[in-house]
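sharing a model prediction with you, sequence too.
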Amino acid sequence: MAVPSEKLVSRPVQVHAHTAGYADILTPEALAFLARLHRFAEPRRQELLQARRQRQARYDAGVLPDFRPDTRDIREGEWTVAPIPAALQDRRVEITGPIERKMIINALNSGAKVFMADFEDSSAPSFANQLDGQINLRDAVNGRLAYRSPEGKDYRVGANPAVLVIRPRGWHLPERHITVDGETIAGALVDFGLFAFHNAGALHASDRGPYFYLPKLEAMEEAALWNEVMALAEDELDLPYGTMKATVLIETLPAVFQMHEILHALRERAVGLNCGRWDYIFSYLKTFRGHRDRLLPDRGQVVMTVPFLKAYSELLIQTCHRRGAFAMGGMAAQIPIKNDDEANDQAMAKVRADKLREVQAGHDGTWVAHPALVPVAMEIFDRHMSTPNQLHVKRDDVHADRDTLIAPCCGTITRAGFDNNVEVALRYTAAWLEGLGCVPIHNLMEDAATAEIARAQLWQWLHHGDLDFADHAPIDFALFDHALATHTHRLQESTLPGARRAIDAARLLSELTHADELGNFLTLPAYEQLA
Ligand SMILES: CC(=O)SCCNC(=O)CCNC(=O)[C@H](O)C(C)(C)COP(=O)(O)OP(=O)(O)OC[C@H]1O[C@@H](n2cnc3c(N)ncnc32)[C@H](O)[C@@H]1OP(=O)(O)O
Ligand SMILES: O=CC(=O)O
Ligand SMILES: [Mg+2]
């Protein structure tokens, strides 16, 4: 008699973690729904991840990213996305933030038009974090969200809360705690699927969703897979086709060459594109990891007015407005600075300048990282955008060609920039390993995307050899090892987030930086060590 395969003897969906407290979320019906999404999407997801690797191999061999010849008809044809729901017509200020209970309440009450609840760049995706987030968001949708702080302060969602938009993890990240037929499920499907299963019907009934932000796409085929997954989910949940709406982050360099195509693939549900500038800079670094002529200078010098970033944001506005979709701006990294008025004024001036550039360029809205920044951004958008959005600003003057979109960036590499990258990459990774996905470091918001820039730049500067700092001192591994040891020691001795995981983070960062190839995502090896 044949020995039954594991697939036959095991339950098709298995949860490999303690599930106490999550019975309402991980119901048999919800898990069965995840299984259907997984079986439908997994083979295609694997093909698309393989296509990413092949694309990167071509870039490594010297090929430069460009517009696709096979999709010219989509770019040149006349079509628009489906009408945008009333709840999303005015999204001039969107607050983003982790899916932590108190922060969700604060974000919903912040006065922003939209709250993007983030399972992604600002979440360290431990199973508990992601599932607690699902509970919190389900309570928010059902009007039951409340919180009492350890100090006894009560938090409740007030009148006129921000419209909720959910950002699931990207296609590349696994969720190792759930397997279907013995295969690890995608984190994206878990975040999307559980949220949709528990909330899509109620949100649809109240005309406030379900709405999603889709991160880190590289190609129109990846958008098409999201479209199919959402269509399947709508079908399973008895919702009309196109109910689920998507705003896509254009935050990879390959994707900037397929913005029309991405909107087209999602045209029944796309409501906009967003300039995810931090991952975009990271993607520029990764795409050109083999190209010495496209090294980037200090992170602080790679601002939105440098040619390749200006071209990207303006082309995004032109593309969106031609297709009837919103062109969302991005996140300035400055956050309020306590106990130093002068430094705070300078930080707020930077945020204002960034938002002014966005609204004057034609963006329909922007992102802020902190509730105190909502009025700052709102004031700029109110003053310069008298209509709910700027769809009428066509930006026909923009001619962003391939060469401008990939133009090298002038600037210098300084010792301070190098040292800051070591510190940020280390401290962020250590905090992430402790379960924190977003932390303030030197008064800037640091999340997975900004940390990726920091560690990718270190790799790039060290592996292209013979590079000097602005003061002509050589950049070498001895310097990196020394800086890493110094910051690790400092972090260990401190009470800062990450102190307990400083050694693990340092080991990981050292391996990634010394490796011959620039690793794809910091969060992939780090996930193996996330409690
Ligand atoms: C590249 C990208 O993907 S950008 C998108 C992802 N990144 C983000 O979403 C950034 C989210 N922002 C944050 O997590 C935080 O603002 C940080 C970590 C940057 C700074 O945090 P802190 O230093 O703790 O902020 P601070 O102490 O000033 O907070 C003051 C209050 O505002 C709340 N708050 C701060 N940021 C947010 C936020 N984004 N959403 C909701 N509430 C917030 C705090 O919870 C705190 O509330 P309380 O007074 O009721 O206790
Ligand atoms: O997700 C946003 C980004 O800037 O990255
Ligand atoms: Mg991002």
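Okay, I see it. Numbers count the residues shown, from 1 in each chain. Ligands and ions are numbered 1, 2, ... in the order given.

okay, CA-based contacts and neighbour counts for the rest of this
Will do.

I'd assumed Ile185 was in a strand, is it?
Yes. Remark: Ile185 belongs to a strand, assigned using DSSP: H, G, I helix; E, B strand; the rest coil.

what's across from it in the sheet?
Glu175 (DSSP bridges).

count the neighbours of it for me.
25 (other Cα atoms under 10 Å).

distance between the ends of stretch 260-277?
Terminal residues of stretch 260-277 are spaced 19 Å apart (Cα to Cα, to the nearest Å).

what does stretch 253-261 give?
14 Å.

give me the mean pLDDT for it.
Average pLDDT, stretch 253-261: 98.

do the same with stretch 430-441
Rounded mean pLDDT across stretch 430-441 is 97.

show the pLDDT at the nearest residue to Arg299 once chain neighbours are set aside.
Excluding the flanking residues, the one nearest Arg299 by Cα to Cα, 6 or more residues apart in numbering is Gly417, at 7.0 Å. Gly417 carries a pLDDT score of 95 in this model.

quick one, phi/psi of Gly417?
phi -70, psi -40 (degrees, to the nearest 10).

who touches it in this structure?
Asp298, Arg299, Gly300 (Cα atoms under 8 Å, 6 or more residues apart in numbering).

roughly how far apart are it and Val424?
The value you get for Gly417 to Val424, if Cα to Cα is used, is 10 Å.

same thing with Leu373?
Going from Leu373 to Val424 by Cα to Cα gives 23 Å.

need the contacts of Gly417 in CSV (columns: distance to ligand 1 and neighbour count).
Listed next are the contacts of Gly417 as CSV, based on distance: Cα to the nearest ligand atom, whole Å; neighbours: other Cα atoms under 10 Å:
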residue, distance to ligand 1, neighbour count
Asp298, 17, 20
Arg299, 14, 19
Gly300, 15, 9
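
let's have the residues you listed in TSV, adding pLDDT, distance to Phe326 and secondary structure.
Listed next are the contacts of Gly417 as TSV, based on pLDDT from 0 to 100; distance: Cα to Cα, whole Å; DSSP: H, G, I helix; E, B strand; the rest coil:
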residue	pLDDT	distance to Phe326	secondary structure
Asp298	96	31	coil
Arg299	95	28	helix
Gly300	94	28	helix
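
quick check, nearest of those to Thr412?
Nearest to Thr412 among the contacts of Gly417: Asp298, at 6.3 Å, using Cα to Cα.

shouldn't the closest one be in contact with Asp419?
No. Using Cα atoms under 8 Å, Asp298 makes no contact with Asp419, being 10.4 Å away.

so Leu444 touches Gln334, yeah?
Yes. Using Cα under 8 Å, Leu444 is in contact with Gln334, at 4.9 Å.

ok, these two, which is more surrounded?
Gln334 (23 against 17).

is ligand 1 within reach of stretch 152-159?
No. Legend: contact between stretch 152-159 and ligand 1 by Cα under 6 Å from any ligand atom is lacking; minimum distance shown is 7.9 Å.

avg pLDDT for that stretch?
Mean predicted lDDT for stretch 152-159 stands at 96.

quick one: contacts of that stretch?
Lys102, Ile105, Asn106, Leu108, Asn109, Ala140, Gly143, Leu145, Ala146, Tyr147, Arg148, Ser149.

stretch 210-217 too?
In contact with stretch 210-217 (Cα under 8 Å, 6+ apart) are residues 116, 164-171, 196, 199-200, 203-204, 223, 243-252, 255, 279.

quick one: mean pLDDT over it.
98.

how about the CA coordinates for that stretch, as CSV?
The C-alpha coordinates for stretch 210-217 follow below in CSV (Å, rounded to 0.1, in the frame of the first residue of the first chain):
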residue,chain,number,x,y,z
PRO,A,210,-12.7,48.4,0.3
TYR,A,211,-9.7,50.4,-0.9
PHE,A,212,-6.1,49.3,-1.2
TYR,A,213,-2.6,50.6,-1.8
LEU,A,214,-0.4,48.2,-3.8
PRO,A,215,3.3,48.4,-3.1
LYS,A,216,6.6,47.6,-5.0
LEU,A,217,5.1,46.4,-8.3
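
is it up against ligand 1 anywhere?
No. On the criterion Cα under 6 Å from any ligand atom, stretch 210-217 is out of touch with ligand 1, staying 8.9 Å away.

what does the chain put close to ligand 1?
Counting by Cα under 6 Å from any ligand atom, the chain sits next to ligand 1 at 96-98, 103-104, 106-107, 121-122, 278, 331, 369-371, 438-440, 445, 447, 449.

if we can go back for a sec, now list the buried members of the contacts of stretch 210-217.
116, 164-171, 196, 199-200, 203-204, 223, 243-252, 255, 279 (16 or more other Cα atoms under 10 Å).

ok, which of these also contact ligand 2?
Answer for the buried ones among the contacts of stretch 210-217 near ligand 2 (Cα under 6 Å from any ligand atom): Asp279.

which bits of the chain sit near ligand 2?
Near ligand 2, when you scan the chain using Cα under 6 Å from any ligand atom, you find Gly276, Arg277, Trp278, Asp279, Ala449.

now those in TSV, with pLDDT and secondary structure?
Formatted as TSV, the residues of the chain next to ligand 2 follow (pLDDT from 0 to 100; DSSP: H, G, I helix; E, B strand; the rest coil):
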residue	pLDDT	secondary structure
Gly276	97	coil
Arg277	97	helix
Trp278	98	helix
Asp279	98	helix
Ala449	98	helix
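
near the closest residue to Ile337 other than its chain neighbours, how many residues? Count them for me, please.
Sequence neighbours aside, Asn344 is the residue nearest to Ile337 in space, at 4.8 Å (criterion: Cα to Cα, 6+ apart). Neighbourhood size, Asn344 [other Cα under 10 Å]: 17.

state the distance from Asn344 to Thr495.
Distance from Asn344 to Thr495, by Cα to Cα: 24 Å.

do the same with Ala57
For Ala57 relative to Thr495 (Cα to Cα), the value is 42 Å.

who's more crowded, these two?
Ala57 (14 against 10).

secondary structure class for the more buried one?
helix.

how much space is there between it and ligand 2?
Here Ala57 is placed at a distance of 23 Å from ligand 2 (Cα to the nearest ligand atom, to the nearest Å).

likewise Lys394?
As judged by Cα to the nearest ligand atom, Lys394 and ligand 2 stand 24 Å apart.

likewise for Ala349?
Noted for Ala349: a distance of 20 Å to ligand 2, by Cα to the nearest ligand atom.

begin at 9 from now on, thanks
I'll keep to 9 as the first residue from here, and by that count the last item is Ala357.

closest one of the contacts of stretch 160-167 to Glu183?
Using Cα to Cα, those come closest to Glu183 at Ala148, 23.9 Å.

so where does the closest one fall, helix or strand?
helix 135-149 (DSSP states H and E).

who's in contact with that helix?
By Cα under 8 Å, 6+ apart, helix 135-149 touches 30, 33, 107-109, 112, 127, 131, 153, 165, 183, 185, 199, 202-203, 206-207, 210-211, 443.

among those residues, name the buried ones.
For these, buried by 16+ other Cα under 10 Å: 33, 107-109, 112, 127, 131, 153, 165, 183, 199, 202-203, 206-207, 210-211, 443.
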